[in-house]
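Asker: Provided below are the primary sequence and the corresponding predicted coordinates.
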Amino acid sequence: MAEEKQEKKKLWLVKQILSWISLGPLALLVILAIIFQAPWKVTALLVIFFLACTVLPKPYRKWFWLSAGAVVIALIIWVFLPEDNEGWRPYTFDKELAALEAKYAIPDEENAARIYNKLLEDYNEAAFEPNFLDPNLEDLTRKEPWSSRDYPEIAQWIKQHEGTITRLIEASKIEKCRFPINADPVAFSQSMERLSAMRRWAFLLCRAANNDLGENRIDQVIEKNLTVLQMGKHQCQQITIIDLLVGIAIEALATSQFKTFIVTGDATEERLSVIENALAEIKHDWSYDLPRVLEGEKLIFKNLLGMFYVVNPKGKVRLSRDPTVAIKSQFPQFQQEVPSLTYWRKKLLKASTILGWFFIPSTPQKAGKIIDESYEKNYPMAKPNFDWEKEPEESSPMLRFNYRYWVEHMTSIIGPMYYRIHDLYLRLACDIRGARIIIALRRYKNKTGSWPESLDEVKTLTEPGIFVDPFNNDSFIYKLTEENFTLYSKGKNNIDDDGKRGRWGEEQAGADDWLIWPRKGRKTQKGKANDQRQ
């Protein structure tokens, strides 16, 4: 009898050990869920299962598991139930979009966008990319003066677009410009088409202005380059990063055109004053522009993640069960080309929404709030006293198994981009101040017949603040050359590398200088014409 009791005790002990060993993985999952901040639904479910296996009295455990099994069966039945999927579209934050539209709205009669939109209605990309314009010819006519006699085919092509040039000049007379805010990531290609057109129109104007310069139509030269400058300003008035970057690039293009004319063209005092006044009006305010851009970028990000949800015409919101809904709703003309989901694929996607219910916030509003909070760390960059010397944080936030971690990880990748955009701000400011210094230098040459020996000789010919380098709050470097002069910034490191860093997209490793004049790789028109003939 004693031996039998001993045997039963050993058997009970083995069962207890096996029971606790089997609970080990579940206990580990609970611990990991707490440490890595898994969604509360996941953590709660794991805790419930753990308590059911340990605390819940044995007589009730079978009812618990029967209930759990019933829930699983109910979910399986739900997955295979038919449902109406018509009329559902990806959820978008329309109220926030409407608020932004209202905030930045301007009257139609004051809006240059209405002219651009009219041009876009008849825009044909192929017409602005002629096949006869090879890379060498394209670079020559866009950067240097040229004559219709030397390049009649290009002159004829420009003549065909005189109507577009006239409308662009008309748009440049209007100060304000506001395009509809496109915060839909699925339809973002529409904005890219507009930006592509703006870029090609700017190149058309530059090429036409250089033709005017080659044939001594100076007033038309200034008018067209002022139009390019205003096109850049119009783009910078929008609230997305891509618009801002394109605007800065177009302004830099116009500034470069002006510098060439000021140094090499018939730059009388009257013409210099017109150019100087236009350049003086370019006053980017980072403290205003960055928060404005963040508003637009946040909304795009919200709508991107909002595609996890769908909404019907009655306003009912649920988790998305069909990834093709976004494409079909935005591009109905492609509905026939989008392959239909198979029966089992549909059921699998519907089943996946159960998993999504655990990890994705229950409403788009809660998801949007998490995005708002994750963007807050970018707003201090708009403050005047922000330390730009500090390296941007590119490391990911601490690993967590939840939606917030994923959002913060995405924004941590985007954050350093604003450092690079700020650098572009400084480059453009450097170029504009440099162009205004070149105007002072040309005024000196117009009076004396030669370029000055130093910048000190022209400091009375323009505003004193123009001579302060925005990169380092020091002075620009000016040196006479055989042809005219060199003007450059020492860059952020404030070390003179003899102007070796170069211009936009033409950087040299190890150097930090920013070349203002001469234009990188610039040749005389005669030299380029000889190269072309060869």
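Answerer: That came through fine.
Asker: residues near Ser340, how many?
Answerer: 11 (other Cβ atoms under 10 Å). Using the backbone N, CA and C atoms, a C-beta is placed for each residue, glycine as well.
Asker: now do the contacts for the residue lying closest to Ser454 once chain neighbours are set aside.
Answerer: The shortest distance from Ser454 to any non-neighbouring residue, by Cβ to Cβ, 6 or more residues apart in numbering, is to Tyr478 (6.4 Å). By Cβ atoms under 8 Å, 6 or more residues apart in numbering, the contact list for Tyr478 reads Ile437, Ser454, Leu455, Phe485, Thr486, Leu487.
Asker: any idea how far Phe50 is from Tyr478?
Answerer: 75 Å (Cβ to Cβ, to the nearest Å).
Asker: quick check: phi and psi at the residue lying closest to Pro361 once chain neighbours are set aside.
Answerer: Using Cβ to Cβ, 6+ apart and skipping residues adjacent in sequence, the residue nearest Pro361 is Ala367, 4.4 Å away. Ala367 adopts backbone torsions of phi -60, psi -40, taken as degrees, to the nearest 10.
Asker: cool, and Pro82?
Answerer: Per degrees, to the nearest 10, the backbone of Pro82 is at phi -70, psi 150.
Asker: that one: neighbour count?
Answerer: Pro82 has 5 nearby residues by other Cβ under 10 Å.
Asker: may I have the predicted confidence score for it?
Answerer: You'll see Pro82 listed with a pLDDT of 87.
Asker: ok, the one 10 residues further on next?
Answerer: With respect to pLDDT, Thr92 has a value of 92.
Asker: try Ile439
Answerer: Per the predicted model, pLDDT is 98 at Ile439.
Asker: which of the contacts of Tyr478 fall within strands?
Answerer: Phe485, Thr486, Leu487 (DSSP state E).
Asker: what about the nearest residue to Leu195 once chain neighbours are set aside, distance to Ile106?
Answerer: The spatially closest residue to Leu195, leaving aside those adjacent along the chain, is Val246, at 4.9 Å (Cβ to Cβ, 6+ apart). As judged by Cβ to Cβ, Val246 and Ile106 stand 20 Å apart.
Asker: between those two, tell me which one has more neighbours.
Answerer: Val246 (24 against 15).
Asker: kindly format the C-alpha coordinates of the helix or strand hosting the more buried one as PDB.
Answerer: In this structure, Val246 sits in helix 241-264 according to DSSP states H and E. C-alpha atoms of helix 241-264 as PDB (Å, rounded to 0.1, in the frame of the first residue of the first chain):
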ATOM      1  CA  ILE A 241       7.900  68.200 -49.800                       C
ATOM      2  CA  ILE A 242       8.000  67.300 -53.400                       C
ATOM      3  CA  ASP A 243       6.400  70.700 -54.400                       C
ATOM      4  CA  LEU A 244       8.900  72.500 -52.200                       C
ATOM      5  CA  LEU A 245      11.900  70.700 -53.700                       C
ATOM      6  CA  VAL A 246      10.800  71.300 -57.300                       C
ATOM      7  CA  GLY A 247      10.200  75.000 -56.400                       C
ATOM      8  CA  ILE A 248      13.700  75.400 -54.900                       C
ATOM      9  CA  ALA A 249      15.200  73.700 -58.000                       C
ATOM     10  CA  ILE A 250      13.300  76.000 -60.400                       C
ATOM     11  CA  GLU A 251      14.300  79.100 -58.400                       C
ATOM     12  CA  ALA A 252      17.900  77.900 -58.500                       C
ATOM     13  CA  LEU A 253      17.600  77.500 -62.300                       C
ATOM     14  CA  ALA A 254      16.300  81.000 -62.700                       C
ATOM     15  CA  THR A 255      19.000  82.400 -60.400                       C
ATOM     16  CA  SER A 256      21.700  80.600 -62.400                       C
ATOM     17  CA  GLN A 257      20.300  82.200 -65.600                       C
ATOM     18  CA  PHE A 258      20.400  85.600 -64.100                       C
ATOM     19  CA  LYS A 259      24.000  85.200 -63.000                       C
ATOM     20  CA  THR A 260      25.100  84.400 -66.500                       C
ATOM     21  CA  PHE A 261      23.300  87.400 -67.900                       C
ATOM     22  CA  ILE A 262      24.700  89.800 -65.200                       C
ATOM     23  CA  VAL A 263      28.300  88.700 -65.800                       C
ATOM     24  CA  THR A 264      28.300  88.300 -69.600                       C
END
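Asker: done for today, thanks.
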